[in-house]
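*Asks:* Requesting a structural model of the entry that follows:
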Amino acid sequence: MSSSDSFGVPAPSRNSASAASTDSAVVRGDTGLLRTVLLLDAVATGAVGAAALIGCAVLDSALGLPVAFLAGIGAFLVLYALFVWRVSAARAPHRGAVRAVIGCNLVWSALSGVTAAAGWLDPTGLGTTLIVLQAVAVLGFADLQLFGLRKARLSLG
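*Replies:* Residues are numbered from 1 along each chain as shown. Reported below is the predicted structural model:
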């Protein structure tokens with residue numbers, strides 16, 4: 001007989017197969033470093049996104065990037081930062097979500113590097129410098145997130 005809560009709703013049954021699949025879907029072990037780096041990534045991404053979104057009309061001439069581009073990137077980054085923050089808030093983060101963040105950071109860094117090297121969008125010197133600096137920072141976050149993921153796995157023994 002299955003158990004139920006105080007409202008009489010049956011509790012979901014957990015057999016060993018579903019428990020195993022659930023356990024492998026989350027990061028186990030010492031996730032402190034991983035969650036901290038994800039949180040710092042979310043804060044930095046949100047700050048850059050908010051600056052681009054709020055200051056797009058002022059930053060366009062200094063960076064040589066179109067207002068619409070800055071506003072779009074800013075809105076995307078704010079939403080992405082919320083996702084990364086959500087992933088960081090879990091005591092046992094979902095492994096797929098962590099891998100998605102790492103993958104997105106690697107792609108973002110690569111695309112930023114190509115954008116700067118190819119001169120796409122015709123940024124100013126300051127704009128190019130900022131594109132390169134944020135690409136390096138995002139690559140650093142991806143590296144630290146991979147390290148945190150490995151550290152959590154190794155802490156299990």
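*Asks:* Can you pull out the low-pLDDT segments for the chain?
*Replies:* 1-23 (pLDDT under 70).
*Asks:* so where do the helices sit in it?
*Replies:* Assigned by DSSP state H, the chain shows helices spanning 16-25, 32-63, 67-89, 95-118, 125-154.
*Asks:* possible to save these as TSV with mean neighbour count?
*Replies:* Every residue, glycine included, has its C-beta placed from N, CA and C. Shown next, in TSV, are these (neighbours: other C-beta atoms under 10 Å):
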stretch	mean neighbour count
helix 16-25	10
helix 32-63	18
helix 67-89	17
helix 95-118	16
helix 125-154	17
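*Asks:* OK, contacts around V138?
*Replies:* By C-beta atoms under 8 Å, 6 or more residues apart in numbering, the residues touching V138 are N105, W108, S109, S112.
*Asks:* Roughly how far does it sit from G157?
*Replies:* As defined by C-beta to C-beta, to the nearest Å, V138 lies at a distance of 32 Å from G157.
*Asks:* do A110 as well
*Replies:* 35 Å.
*Asks:* do the same with A42
*Replies:* 30 Å.
*Asks:* go on, T128?
*Replies:* Taking C-beta to C-beta, one finds T128 at 47 Å from G157.
*Asks:* A97 too?
*Replies:* According to C-beta to C-beta, A97 and G157 sit 24 Å apart.
*Asks:* same thing with V67?
*Replies:* Look at V67 and G157: by C-beta to C-beta, they are 53 Å apart.
*Asks:* Repeat that for G46.
*Replies:* Taking C-beta to C-beta as the measure, G46 falls 36 Å from G157.
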